[in-house]
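S.K.: model this:
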Amino acid sequence: MNCLLIFDHLNDVVHMKYNEEFLNHMNDFSLEQEFISLGSRMSQLDDNIIMQCFSPIITSHRIMNCQFGNSYNYVKCEGNLVIYFEEYMGYLFVAISDKKEEYMKKFTNLCVTVVRYLCGPDVYQLKVDTKKSTLMDKLIDGWMNLDSNDQAIHVEAVEQLTVNPDLTSTTIQILRESVDHLISQIECKKIHALVLVQNKFLSLYSSPTAKELSSTDIVFLTILSHSTLPEKTESETISDNISSHQILLAGPEGNPKCLPHVVHINPLSNGINLLYLLEIGNPAVAASLYETFCHLHIMQQVQIQRDKEILQPAFENLDLANRKLNDSLKKNKNSAIELSHKQLVKKWEVIKKKYQEYLKSTSEEALLRAETLGLGFLENLKELLGLTSVDDSVLISSTKYIKQVATSVGHKLDMFEDFFKAKGMKNFSFGSRYSLTINKYLEEFPGLVHFLYIDRNTHRITTPTLDFTTQEGLFNKKKIWFMIDFARKYLQKGCMQLMWKDTTFHYAYFIWFEDNSGAPLKPSIFPNQILSLPGILCEDFYQKLKGICFPKMQISKIRCYELFCLHLGLVTASCVLEQNRRLAATISELRGHPSQATDFL
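M.R.: Now for the predicted structure:
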């Protein structure tokens with residue numbers, strides 16, 4: 001049984017996604033509570049019944065969070081059912097399932113991330129835009145499938161397809177020519193071209209003026225590509241299968257989220273997808289809009305507590321964000337945007353005076369007036385977001401030219417298609433006898449069953465391809481997923497070195513740090529509290545971890561690496577440790593990033 005419900009600040013349902021088992025459960029419950037008459041059944045969930053059922057617990061959660069700052073994350077119910085809560089921009093995401101709390105947290109965070117990519121800070125779009133709500137459901141289903149079957153997605157990293165340098169150079173050159181041709185045909189000058197093979201990253205070319213495409217965005221685009229195109233198509237005709245969307249990318253690390261793009265996904269053949277991303281709008285406007293939304297939401301939360309000491313800095317941050325937004329919009333020549341901006345400025349001036357009045361005199365009337373006016377200010381922000389981040393004309397006008405260049409790229413890559421697919425199915429395997437580097441692992445690491453090596457500076461993963469077609473492969477997969485989840489659970493608590501075993505396997509996990517020269521770095525502080533979930537889709541856990549462990553160092557000067565290893569249970573702990581050291585060093589050499597001997601323990 002599983003269900004996702006999204007509620008606004010009035011407890012109205014904005015979005016629902018559920019399976020048949022949950023629908024049947026709600027039918028039985030509604031009949032028991034006499035929400036529906038005897039003999040009748042709902043074919044789909046009714047918004048009013050959902051509100052009746054969930055309003056008490058949602059109201060309780062909001063009061064504990066806003067008024068007391070003491071919210072709860074989940075509630076356990078009868079039958080191992082868990083209700084998990086996550087808040088975003090004043091909207092409450094409620095996930096219901098019988099799975100473990102760790103998975104529920106990951107699932108709910110993923111749902112928030114998907115909404116941010118599709119709607120930015122305006123979650124209400126899911127209520128009024130059927131295309132976006134449908135796409136969201138597809139993305140959630142796609143992620144659930146990949147999270148259960150794809151190692152890279154499960155650890156939120158990018159798997160690079162390993163091909164020789166000449167073929168890499170050829171592919172990039174083909175993408176570059178296609179982007180140059182696009183720029184000459186359409187008004188957009190900031191374009192990315194990306195090739196994915198079996199959900200693995202093959203190649204990327206970005207025009208010189210385009211903002212950097214982050215690893216987080218590549219992981220999301222992999223999920224989007226997997227979720228929106230059919231697995232098999234009767235035709236290779238690109239025009240029949242192209243999938244186009246408007247999304248809001250996270251952008252370069254450290255920058256505010258919400259960068260508007262049009263993405264065209266073109267299947268070159270089954271399993272090989274070519275993506276073009278066109279940057280639209282103004283990135284400065286997008287960033288300042290998102291920041292203003294965030295600070296307005298914080299202001300709406302803290303003013304409920306009627307605490308001047310908390311409200312003062314929240315007001316100052318909102319005022320600063322609003323000034324940045326005004327500056328970014330000053331040069332805009334679009335008449336609709338100009339009008340909306342003028343209305344926003346007028347509303348803020350009135351709201352600002354009311355907040356200042358409250359801070360001076362603690363006038364309850366002034367604060368209530370500011371709260372009321374804030375709702376209109378929020379609607380203005382939503383209007384501006386739509387005017388600056390949505391551009392149907394670019395999506396429609398570019399499609400014709402995208403089809404042309406995608407067809408050309410497909411023809412040029414056609415001779416490598418079988419090779420790409422073979423590599424996509426078996427990118428890096430212990431069983432391969434065609435590579436000396438792989439044989440070295442077979443000979444030098446006896447007892448090693450599997451490993452995942454992740455460079456958390458680029459979020460690129462190196463790992464042998466898993467074969468799920470055999471009973472042994474499925475058994476190993478279950479153990480590998482267990483190893484990853486078990487280690488990450490302890491990583492949240494600050495445990496960075498971990499070894500354990502069961503009757504079959506010996507498990508090991510290490511996360512370590514180096515400086516830019518490759519020399520080991522010892523954390524000056526070891527976190528002992530539970531941190532956010534490891535990963536990058538919701539937020540970059542590893543950037544946060546660096547900041548905690550090395551508070552006096554620049555994060556850009558710290559490298560971070562992860563290694564998961566699965567050995568046969570007969571292998572001794574000292575042998576596992578020694579192999580882990582050598583494995584980390586040899587993978588670094590294989591990937592072109594030599595590392596000094598790592599001090600794991």
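
S.K.: Show me where the stretch 451-600 of the chain has its strands.
M.R.: With DSSP state E, counting those that start in this stretch as the criterion, the stretch 451-600 of the chain has strands at 460-462, 497-501, 505-514, 520-521, 559-568.

S.K.: same question, the stretch 101-250 of the chain
M.R.: Applying DSSP E, counting those that start in this stretch to the stretch 101-250 of the chain gives strands spanning 158-159, 191-197, 200-206, 243-249.

S.K.: Helices along the stretch 1-150 of the chain, start to end?
M.R.: For the stretch 1-150 of the chain, applying DSSP state H, counting those that start in this stretch gives helices covering 20-32, 47-62, 101-119, 125-128, 130-149.

S.K.: Those helices: which one's closest to residue 543?
M.R.: Among these, the nearest to residue 543 by CB to CB is helix 101-119 (15.9 Å). (Glycine included, C-beta is placed from N, CA and C.)

S.K.: Contacts for the closest one, please.
M.R.: The contact list for helix 101-119 (CB atoms under 8 Å, 6 or more residues apart in numbering) reads 4, 6, 73-74, 82, 84-86, 88, 93, 95, 97, 99, 123, 125-126, 132, 135-136, 139-140, 143-144, 147, 220, 247-250, 257-258, 485, 489, 533, 535, 537-538.

S.K.: Which of the residues in the host helix or strand of residue 401 are classified as buried?
M.R.: Residue 401 is part of helix 392-413 when elements are defined by DSSP states H and E. Using 16 or more other CB atoms under 10 Å as the test for burial, helix 392-413 gives 394-395, 398, 401-407, 409-410, 412-413.

S.K.: re the thing from before, quick one: which of the strands of the stretch 101-250 of the chain is nearest residue 461?
M.R.: The nearest among these, by CB to CB, is strand 158-159 at 5.2 Å.

S.K.: which other helices and strands contact that closest one?
M.R.: Judged by 3 or more CB pairs under 8 Å, 6 or more residues apart in numbering; DSSP states H and E, strand 158-159 is in contact with helix 151-154, strand 200-206, helix 215-228, strand 460-462.

S.K.: looking at those, which is buried most?
M.R.: Ranked by mean neighbour count, the helices and strands packed on strand 158-159 are led by helix 215-228 with a mean of 23 (mean count of other CB atoms under 10 Å).

S.K.: Measure how that one sits relative to strand 191-197, angle-wise.
M.R.: Counting by axes from the mean of the first three to the mean of the last three CA atoms, to 10 degrees, helix 215-228 lies at 60 degrees to strand 191-197.

S.K.: any idea which residue sits dead centre in the chain?
M.R.: Geometric centre of the chain, nearest residue: residue 537, 2.6 Å, by CA atoms, centre = their mean.

S.K.: List only those of the contacts of helix 101-119 flagged as buried.
M.R.: Counted by 16+ other CB under 10 Å, the contacts of helix 101-119 give 4, 6, 74, 82, 84-86, 88, 93, 95, 97, 99, 123, 125-126, 132, 135-136, 139-140, 143, 147, 220, 247-250, 257-258, 489, 533, 535, 537-538 as buried.

S.K.: Least confident secondary structure element in this protein?
M.R.: Using mean pLDDT, DSSP states H and E, helix 436-444 stands out as the lowest-scoring helix or strand of the chain, at a mean of 53.

S.K.: where's residue 83 relative to residue 17, distance?
M.R.: Computed as CB to CB, to the nearest Å, the residue 83 to residue 17 distance reads 15 Å.

S.K.: Those two: who's more crowded?
M.R.: With neighbours defined as other CB atoms under 10 Å, residue 83 and residue 17 compare such that residue 83 has more, 20 against 17.

S.K.: which residues touch the closest residue to the more buried one other than its chain neighbours?
M.R.: Using CB to CB, 6 or more residues apart in numbering and skipping the chain neighbours, the partner closest in space to residue 83 is residue 75 (4.6 Å). By CB under 8 Å, 6+ apart, the contact set of residue 75 is 57, 82-83.

S.K.: would you turn these into a markdown table with distance to residue 22 and pLDDT?
M.R.: Formatted as a markdown table, the contacts of residue 75 follow (distance: CB to CB, whole Å; pLDDT from 0 to 100):
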| residue | distance to residue 22 | pLDDT |
| --- | --- | --- |
| 57 | 16 | 90 |
| 82 | 13 | 90 |
| 83 | 12 | 92 |
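
S.K.: Tell me where the model's unsure across the chain.
M.R.: For the chain, residues meeting the criterion pLDDT under 70 lie at 1, 67-70, 230-235, 237-239, 253-256, 428-443, 588-601.

S.K.: Give me the domain ranges for it.
M.R.: 2-127, 158-280+392-421, 284-389, 428-590 (automatic domain parsing).

S.K.: okay, the ones you listed, which one's buried deepest?
M.R.: Of the domains of the chain, domain 158-280+392-421 is the most buried (mean count of other CB under 10 Å), at a mean of 19.

S.K.: for that domain, the distance to its chain's centre please.
M.R.: Distance of domain 158-280+392-421 from its chain centroid, counting by CA atoms, centre = their mean, to the nearest Å, is 18 Å.

S.K.: now the angle from the helix holding residue 401 to strand 200-206?
M.R.: Interaxial angle, helix 392-413 versus strand 200-206 (the same axes, to 10 degrees): 120 degrees.

S.K.: between helix 392-413 and strand 243-249, how many degrees?
M.R.: Angle between the axes of helix 392-413 and strand 243-249 is 110 degrees (criterion: the same axes, to 10 degrees).

S.K.: Helix 392-413 packs against which elements?
M.R.: helix 165-185, helix 238-241, strand 243-249, strand 259-269, strand 272-279.

S.K.: what's downstream of it, the next helix or strand?
M.R.: Remark: after helix 392-413, the chain's next helix or strand is helix 417-425, criterion DSSP H and E.

S.K.: CA atoms only: put that following helix into CSV for me.
M.R.: Output of helix 417-425 as CSV, limited to C-alpha atoms (Å, rounded to 0.1, in the frame of the first residue of the first chain):
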residue,chain,number,x,y,z
GLU,A,417,25.2,2.1,-31.7
ASP,A,418,25.8,-1.6,-31.0
PHE,A,419,29.0,-0.9,-29.2
PHE,A,420,27.3,1.7,-27.0
LYS,A,421,24.5,-0.7,-26.2
ALA,A,422,26.9,-3.5,-25.3
LYS,A,423,28.8,-1.1,-23.0
GLY,A,424,25.6,0.1,-21.5
MET,A,425,24.6,-3.4,-20.6
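
S.K.: Now do it and strand 272-279, the angle between them.
M.R.: Orientation check (the same axes, to 10 degrees): helix 417-425 against strand 272-279 gives 90 degrees.

S.K.: what sits up against helix 417-425?
M.R.: Residues from elsewhere that reach helix 417-425 (CB under 8 Å, 6+ apart): 161-163, 167, 197-200, 202, 268-269, 271-272, 413, 465.

S.K.: rewinding a little: which of the strands of the stretch 451-600 of the chain sits closest to residue 187?
M.R.: Among these, strand 460-462 comes nearest to residue 187, with 33.7 Å by CB to CB.

S.K.: Parallel or antiparallel, which strands does the closest one pair with?
M.R.: Strand pairing for strand 460-462, determined by DSSP bridges: strand 158-159 (parallel), strand 448-455 (antiparallel).

S.K.: gap between the longest one and the chain center?
M.R.: When distances are taken as CA atoms, centre = their mean, strand 448-455 is centred 23 Å away from the chain's centroid.

S.K.: Taking strand 559-568 as reference, get the angle to it.
M.R.: Taking the same axes, to 10 degrees, one finds strand 448-455 and strand 559-568 inclined to each other by 170 degrees.

S.K.: Dump strand 448-455 to CSV, keeping only the CA atoms.
M.R.: Presented in CSV, the C-alpha positions along strand 448-455 are these (Å, rounded to 0.1, in the frame of the first residue of the first chain):
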residue,chain,number,x,y,z
LEU,A,448,35.9,-9.5,-3.7
VAL,A,449,32.3,-9.9,-4.9
HIS,A,450,31.3,-6.2,-5.6
PHE,A,451,32.2,-2.6,-5.0
LEU,A,452,31.0,0.9,-5.5
TYR,A,453,33.5,3.7,-5.7
ILE,A,454,32.0,7.2,-5.8
ASP,A,455,33.9,10.5,-6.4
